[in-house]
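In: could you look at this predicted model? Sequence included:
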Amino acid sequence: MEIRPIANVEKLALKKYKIYNTSKSIYLLRAILASMFLGFGVIVSFKTGNLFYQDHSPLAYPMAAITFGSGIILISYGGGDLFTGNTFYFTITALRKKLKWDSAFRLLTYSYIGNIIGAVLFALLIYSTGLFNDTTANSFLLTVAEKKIHTSTSELFFRGILCNWLVCLAFFIPMTLRGDGPKLFVMILFVFCFFISGYEHSIANMCTFAIALIIDHPNTISINGVIHNLIPVTFGNLIGGQLLMGLTYYYINKPFYEEY
């Protein structure tokens, strides 16, 4: 069993903790940037998908899924603290007793709050561009947002679990690879998998909903509907990152920890 990637996860988690201790405002800003970077992925994804959606093409979702990977690449290489990935990083580091649990949950809370702020700020920027003033340009985004809002709570929860399992793997697996080319390919592939499968990512949903609410939208898209989506999806993301990634990788690598 290759233990080096696990060591890299802990190193990254402790680096984030050091930033938080040095300046909570800087850590919050990193979380804000992360969701704004993801917002770029949301925009290019729905803009691309809309071109095919207008023609009733079955390629709408696949093309949107491929281009959405740009947001994850921006976060990975541009810096930022994404709540979903942090659920894995901080959990396995806390299980290894290198980070206290109360600190882990504070870090998660700060990253989640920062991600919300970033999603709202990015939506305001997009609104100012006028890119979605034309109703034909936002039909795909609004259709997807409406479907997310009207999905049952239990389905959202389990979709959230599976989503963050894949998203955490999209950040973790590249740590085992050499060279930027293979790393970028794996990130885009795994993000494509979660998007095309219809899983639910709380922060991506925040960005999608924030844009949907600020542009001209039907009454079926509301704040209550957004809350209905985000609560079960967030808890699902937590389970996926903490249990299926953090606890699982801690357990299967436990016999090898003495090697580093």
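Out: The structure has been received and is ready for your questions. Numbering: from 1, shown residues only.
In: how close does Leu156 get to Lys147?
Out: 11 Å (CB to CB, to the nearest Å). The way it works is simple: take the backbone N, C-alpha and C, and place the C-beta from them, glycine included.
In: compare the two (neighbour count), which wins?
Out: Leu156 (25 against 11; other CB atoms under 10 Å).
In: ok, residues contacting the helix or strand containing the more buried one?
Out: Per DSSP states H and E: Leu156 is located in helix 153-172. Contacts with helix 153-172, where a contact means CB atoms under 8 Å, 6 or more residues apart in numbering, come from 5, 9, 72, 76, 84-85, 87-88, 148, 151, 186-187, 190-191, 193-194, 197-202, 228-229, 231-241, 244-245, 249.
In: doesn't Ala7 make contact with Asn253?
Out: No - when contacts are counted by CB atoms under 8 Å, Asn253 is not listed as touching Ala7 (9.8 Å).
In: shaky segments in this structure?
Out: Judged against pLDDT under 70, the low-scoring parts of the chain cover residues 1-3, 256-260.
In: now the helix or strand following the helix holding Leu156: buried residues?
Out: Sequence-wise, the next helix or strand downstream of helix 153-172 (DSSP H and E) is helix 180-197. The neighbour-count check on helix 180-197 (16 or more other CB atoms under 10 Å) flags 183-184, 186-188, 190-195 as buried.
In: same check on stretch 6-18?
Out: So stretch 6-18, judged by 16+ other CB under 10 Å, has buried residues 6-7, 9-10, 12-13, 16-17.
In: distance from that stretch to the middle of the chain?
Out: 19 Å (CA atoms, centre = their mean, to the nearest Å).
In: now for the closest residue to Ile223 other than its chain neighbours: which residues touch it?
Out: Distances taken as CB to CB, 6 or more residues apart in numbering place Leu213 nearest to Ile223, at 7.3 Å, with adjacent residues excluded. By CB under 8 Å, 6+ apart, the residues touching Leu213 are 123, 221, 223, 226.
In: just the buried ones among the residues you listed, please.
Out: Using 16+ other CB under 10 Å, the buried members of those are 123, 221, 226.
In: looking at the residues you listed, which are in strands?
Out: With DSSP state E as the criterion, strands contain none of the buried ones among the contacts of Leu213.
In: before we move on, the earlier item: so the helix holding Leu156 versus helix 180-197, what angle?
Out: Comparing the axes of helix 153-172 and helix 180-197 via axes from the mean of the first three to the mean of the last three CA atoms, to 10 degrees yields an angle of 170 degrees.
In: buried ones in helix 153-172?
Out: Buried-residue list, helix 153-172, by 16+ other CB under 10 Å: 156-172.
In: just the element for the residue nearest to Ala123 when sequence neighbours are not counted, please.
Out: When the adjacent residues along the chain are set aside, Ala123 lies closest to Ala210, with 3.6 Å between them (CB to CB, 6+ apart). Secondary-structure assignment from DSSP H and E places Ala210 in helix 202-214.
In: quick one: buried residues of that helix?
Out: 202-213.
In: element containing the nearest residue to Lys24 once chain neighbours are set aside, please.
Out: With sequence-adjacent residues excluded and distances taken as CB to CB, 6+ apart, Lys24 is closest to Tyr110, at 6.8 Å. Secondary structure from DSSP H and E places Tyr110 in helix 101-129.
In: between that helix and helix 202-214, how big is the angle?
Out: Using the same axes, to 10 degrees: helix 101-129 against helix 202-214 is 30 degrees.
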